[in-house]
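*Asks:* predicted model, plus sequence, below.
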Amino acid sequence: MKFTCTFRSMACTWLLASATSLPSALMAADEASENLASRLVQMRGQVDELQSELSLSRDEHKNRMAFLTAQLTELEASRDRESLRLQQLEAELETMRTDVAAAGDNSTTLQPVLLDQISALRAQVSRGFPFKVAERLAELDEIESQLNAGILPAQRAFNRLWAFVEDEMRISRENAIYSQSITLDGASVLVDIAKLGNAMMYFRTRDLNYGRALASSQGWRFELFTESSDQERAARLFDALRKQIRQGYFELPNALPAALPTTSAGAGK
């Protein structure tokens, strides 16, 4: 009987202890569930954020590829225009050769042929790529004035004109840095220019601001870049050309003409 009472006492004690610890266990389980739910919500937020970043990256990549594809198309079109310009220059050389042969050695008959060629070249330079236009026109003016004054014999004038056309062909293929005056915001400014054949031209002012030459139906104009990223890209191009790095991959601000006459052509290498 005493044993039975002791057992019952122990059972009661155990039940009492269990009843006391049960709420604590339930509370701990609830807290763990809440922590897990909170963690799941946090992880879901992170997943949504990563998904949003991934979608944004995909869109940026898609837009970037579309831009590069469009730029590649423009470059190919510029290359084709430049190829056509070179063909035109070669045809002009052949025409000059034929006309001179037909005119013979007589300066009287040769002079009108040369004057016609000078006029045609002057029109091309005036309408074409804005590289040292004043200097190139001045050279044609000098040949013309000396020819008209009798200072320069027709045959020597022909040789100088021939050299001028060959120089035009070289310019159209050249990637290099030069200095020249441009009209910027209505003022004449001396700048450094980076030309890529006859396709694109960038400039750098003396206070290290960068810009580009753009062609339109009204002619060529020069404008400064407003975006810092474009300034940085142009600066890297100038640095590469200064180091004689003339081939490779360059990410450049767009300076391709929307629509140019065939006298303003694509890039040379």
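*Replies:* Structure's in. What do you need?
*Asks:* tell me, how many residues neighbour Arg39?
*Replies:* 10 (other C-beta atoms under 10 Å). Every C-beta, even on glycine, is put in place using the N, C-alpha and C of the backbone.
*Asks:* tell me which element it falls in.
*Replies:* helix 2-103 (DSSP states H and E).
*Asks:* with Ala235 instead?
*Replies:* Here Ala235 is assigned to helix 228-242, by DSSP H and E.
*Asks:* mind listing what's buried along that helix?
*Replies:* Asp230, Gln231, Arg233, Ala234, Leu237, Phe238, Ala240, Leu241 (16 or more other C-beta atoms under 10 Å).
*Asks:* can you pull out the low-pLDDT segments for the stretch 1-150 of the chain?
*Replies:* Applying pLDDT under 70 to the stretch 1-150 of the chain flags residues 1-30, 61, 63-86, 89-90, 92-93, 96-97, 99-107.
*Asks:* one more time with 50, if that's ok
*Replies:* For the stretch 1-150 of the chain, the stretches with pLDDT under 50 are 1-4, 7, 11, 14-16.
*Asks:* how about the stretch 151-269 of the chain?
*Replies:* Using pLDDT under 50, the stretch 151-269 of the chain drops low at 259-269.
*Asks:* and whichever strand or helix holds Thr109, C-alpha only, in PDB?
*Replies:* Per DSSP H and E: Thr109 is located in helix 107-127. Taking Å, rounded to 0.1, in the frame of the first residue of the first chain, the C-alpha atoms of helix 107-127 are listed here in PDB:
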ATOM      1  CA  SER A 107      49.600  73.900-121.700                       C
ATOM      2  CA  THR A 108      46.800  75.700-123.400                       C
ATOM      3  CA  THR A 109      44.800  72.600-124.000                       C
ATOM      4  CA  LEU A 110      45.800  70.900-120.700                       C
ATOM      5  CA  GLN A 111      44.900  73.900-118.400                       C
ATOM      6  CA  PRO A 112      41.100  73.700-118.800                       C
ATOM      7  CA  VAL A 113      41.200  70.000-118.000                       C
ATOM      8  CA  LEU A 114      43.100  70.700-114.800                       C
ATOM      9  CA  LEU A 115      40.800  73.600-113.800                       C
ATOM     10  CA  ASP A 116      37.800  71.300-114.200                       C
ATOM     11  CA  GLN A 117      39.400  68.700-112.000                       C
ATOM     12  CA  ILE A 118      40.300  71.300-109.400                       C
ATOM     13  CA  SER A 119      36.700  72.400-109.300                       C
ATOM     14  CA  ALA A 120      35.400  68.900-108.900                       C
ATOM     15  CA  LEU A 121      37.900  68.200-106.000                       C
ATOM     16  CA  ARG A 122      37.000  71.400-104.300                       C
ATOM     17  CA  ALA A 123      33.300  70.500-104.300                       C
ATOM     18  CA  GLN A 124      34.200  67.100-102.800                       C
ATOM     19  CA  VAL A 125      36.400  68.500-100.000                       C
ATOM     20  CA  SER A 126      33.800  71.200 -99.100                       C
ATOM     21  CA  ARG A 127      31.000  68.700 -98.800                       C
END
